Every structure is written in C-alpha cells, then in structure tokens.
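Novice: no FASTA, just this:
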C-alpha cells in the first residue's frame with residue numbers, strides 16, 4: 001500500500017512538472033562582431049533559458065587586438081554551440097580553438113550559425129563547409145556558387161562575383177521551402193518577419209545543405225531581386241548545423257524587432273533543438289504569424 005502511494009505521488013509530480021529531462025546545454029560564442037553582440041547574445045541566452053529546454057552559457061572572447069591565445073572554450077561540454085561571432089572587423093580564433101571546434105563538430109556537436117557569423121572566417125575552408133553559405137570577407141566564385149530560388153526551384157549559380165549584400169531593413173515574408181524537415185515541419189507555409197536585414201548574394205560550398213526557407217529580396221529595397229535562403233540545415237561529419245541569417249541587431253538599436261519576432265524565436269529554438277538531438281519536440285505556438 002505504501003509503495004502504491006509513493007507511485008501515485010510520483011505520477012502526480014510528473015504530471016504537474018512534465019518530468020522534463022535535464023535541459024540541453026548550449027554555449028553562445030561571442031565577443032567580437034560588427035553587430036551589437038552584447039545585446040544579441042543576452043537576448044539569445046534569455047530565449048534559450050526561458051524555453052525550459054535549454055541552459056545557455058556565454059563565452060566572450062578577448063576584445064579586438066588583445067591576446068586571443070587565451071580564448072579556448074570547452075566545446076565538448078555542450079550539445080550545441082551558437083555562433084554570434086565574426087572576425088569581419090576583429091580577430092580570428094587561435095589555431096588550437098579552430099582544431100577543437102572542428103573536432104567537436106566532426107564528432108557530432110551541434111552548431112547554430114546566427115546572422116553575422118555568416119561573414120566570419122572567409123579563409124577557413126572547413127568553416128565555410130560547416131556554414132554552407134557565407135557573405136563578405138572577399139568571398140567570390142572560388143568559394144562556391146550563389147544559391148537562391150527561382151520559379152520554386154533551387155538554383156546554384158557559378159557566375160563570378162562577390163558574396164554578400166543586403167538592402168535597407170524592412171519587414172519581409174519568409175517562405176518555407178522544405179515542409180518535411182523537423183525544424184520547419186508544422187510551421188505555416190509563410191509568415192512575416194519583423195524589420196530585419198535580408199542577406200542576399202550569399203555563396204559557398206553548400207554541400208550537405210538543405211534550404212529550409214527563403215525570402216524575396218526586393219530590388220525596391222536595394223535587394224537582389226531573388227528569393228534568398230534565410231534558414232538552412234546542414235551536416236558536417238557527424239554534426240548537425242542550423243544556419244539562420246535572421247536576427248539583425250545594430251549598435252544604437254533600442255527596440256530589436258528582428259530578435260523579438262516570433263518567427264525568429266520559434267525557428268531559432270527549433271533549430272537549436274534539432275542540432276542537439278536530431279529531433280524537434282516543440283509545438284508550434286498558436287499565436288504564430290500566418291500568411292497562408
């Protein structure tokens with residue numbers, strides 16, 4: 001009788017708490033960026049922690065020009081690493097840190113490539129393979145094709161030219177291109193992203209890459225006139241990678257609409273879970289913005 005009572009007490013406790021497993025450990029790597037990383041990394045950390053699925057730490061590099069040899073995050077302690085770092089106007093990682101990161105991904109560590117991290121490490125071949133598509137940093141046709149959609153078909157365009165540009169910040173429609181992937185499964189066919197930068201003319205190796213969603217980069221806002229990838233899923237070694245170009249935060253911003261957008265939050269959280277586990281257990285919120 002006593003054992004039965006204990007069983008029902010445990011069952012009741014599980015019902016009210018959900019019997020959640022230990023949260024997934026995530027490391028946000030930041031510290032140098034041509035964007036307002038102090039704000040973006042804090043918002044990303046709060047988004048992860050408040051979900052109840054993750055517990056996120058932040059690794060901050062030395063400032064530009066300081067001794068980078070001391071920057072050696074222990075990637076192996078985490079299921080997923082979120083990259084909010086770029087040497088676009090800063091410093092590359094030490095060779096030992098590069099090697100540790102590649103070892104981590106090759107053995108199955110997850111990676112989330114967030115916004116400006118697409119412009120990082122243009123000369124690092126393996127990094128460009130991991131992120132799939134990059135921008136700026138003198139990337140051009142030697143680094144791989146432009147990738148975009150035309151007439152609902154993916155195009156890989158080897159035309160010579162520099163990688164990376166964007167028009168003025170504005171709201172735009174995100175269109176799902178792969179409805180079967182765990183990250184996008186169950187999401188609306190399209191939704192409105194809040195005022196954000198829309199990267200275009202990205203190019204790279206694009207191997208083992210699935211474009212999950214695109215947005216039309218309208219020439220009227222200074223864009224390419226093409227449907228550009230904004231969400232991508234990749235594999236490198238045993239690792240899973242989610243690449244989102246969304247979520248712009250610029251020095252001087254005070255409202256951060258791109259990071260507050262439910263479309264960004266939902267896809268960021270789902271992408272992070274997929275990189276860590278290969279699955280997505282999160283339900284699509286009832287208030288998710290729908291266009292169709």
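Specialist: Thanks, I have the structure now. Note that the coordinates shown come from a computational prediction; the quantities given were computed from them, not determined experimentally. Residues are numbered from 1 along each chain as shown.

Novice: from now on I want contacts and neighbour counts done on CA atoms only, so please keep to that.
Specialist: Fine.

Novice: any low-confidence regions in the stretch 1-150 of the chain?
Specialist: Residue ranges of the stretch 1-150 of the chain with pLDDT under 70: 1-20.

Novice: and the top strand by length along the chain, what does it pack against?
Specialist: Determined from DSSP state E, the single longest strand within the chain is strand 226-236. For strand 226-236, the elements it packs on are helix 125-131, strand 146-150, strand 199-200, strand 209-217, strand 239-244, judged by 3 or more C-alpha pairs under 8 Å, 6 or more residues apart in numbering; DSSP states H and E.

Novice: and these: which comes nearest residue 91?
Specialist: When the helices and strands packed on strand 226-236 are compared by C-alpha to C-alpha, helix 125-131 sits nearest residue 91, at 15.1 Å.

Novice: how far off centre is that closest one?
Specialist: 14 Å (C-alpha atoms, centre = their mean, to the nearest Å).

Novice: what are the contacting residues of stretch 170-185?
Specialist: Outside stretch 170-185, the residues within contact range by C-alpha atoms under 8 Å, 6 or more residues apart in numbering are 186-197, 210-216, 221, 230, 267, 270-271, 274, 279-280.

Novice: end to end, how far does it reach?
Specialist: 26 Å (C-alpha to C-alpha, to the nearest Å).

Novice: buried residues, it. List them.
Specialist: Neighbour-count burial for stretch 170-185, counted by 16 or more other C-alpha atoms under 10 Å, picks out 172, 174-178, 181-184.

Novice: among the residues you listed, which pair sits farthest apart?
Specialist: Maximum distance among the buried residues of stretch 170-185 (C-alpha to C-alpha): 23.2 Å, for 172 and 182.

Novice: now the helices for the stretch 151-292 of the chain?
Specialist: 257-260, 262-277 (DSSP state H, counting those that start in this stretch).

Novice: now the ones you listed in JSON lines, with distance to residue 106?
Specialist: Shown next, in JSON lines, are the helices of the stretch 151-292 of the chain (distance: least, C-alpha to C-alpha, whole Å):
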{"stretch": "helix 257-260", "distance to residue 106": "30"}
{"stretch": "helix 262-277", "distance to residue 106": "13"}
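
Novice: of all those helices, which one is nearest residue 54?
Specialist: Of all those, helix 262-277 sits nearest to residue 54, with 8.5 Å by C-alpha to C-alpha.

Novice: name the helices or strands packed onto the closest one?
Specialist: helix 37-51, strand 80-83, strand 110-114, strand 190-196, strand 239-244.

Novice: contacting residues for the closest residue to residue 239 other than its chain neighbours?
Specialist: Nearest non-adjacent residue to residue 239, counting by C-alpha to C-alpha, 6 or more residues apart in numbering: residue 108, 3.9 Å away. By C-alpha under 8 Å, 6+ apart, the contact set of residue 108 is 237-240.

Novice: hmm, which of those are the buried ones?
Specialist: Buried among the contacts of residue 108 (16+ other C-alpha under 10 Å): 239-240.

Novice: of all the contacts of residue 108, which comes closest to residue 55?
Specialist: residue 240 (18.9 Å).

Novice: hang on, isn't the closest one packed against residue 107?
Specialist: No: using C-alpha atoms under 8 Å, residue 240 is not in contact with residue 107, being 10.2 Å away.

Novice: returning to what we had before: using CSV, lay out the helices and strands packed on helix 262-277 together with distance to residue 262.
Specialist: Converted to CSV, these look like this (distance: least, C-alpha to C-alpha, whole Å):
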stretch, distance to residue 262
helix 37-51, 11
strand 80-83, 19
strand 110-114, 16
strand 190-196, 8
strand 239-244, 14
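
Novice: so which of the ones you listed gets nearest residue 133?
Specialist: Closest to residue 133 of the helices and strands packed on helix 262-277, according to C-alpha to C-alpha: strand 239-244, at 8.8 Å.

Novice: strands paired with that closest one, and their directions?
Specialist: Using DSSP bridges, strand 239-244 pairs in its sheet with strand 110-114 (parallel), strand 226-236 (antiparallel).

Novice: can I get the ones you listed in TSV including distance to residue 77?
Specialist: Listed next are the strands paired with strand 239-244 as TSV, based on distance: least, C-alpha to C-alpha, whole Å:
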stretch	distance to residue 77
strand 110-114	12
strand 226-236	19
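
Novice: deepest in the core, which of those is it.
Specialist: Mean neighbours per residue, mean count of other C-alpha atoms under 10 Å, is largest over these for strand 110-114, with a mean of 28.

Novice: ok now it, how far from the chain's centre?
Specialist: Once both centres are worked out by C-alpha atoms, centre = their mean, strand 110-114 turns out to sit 5 Å from its chain's centre.
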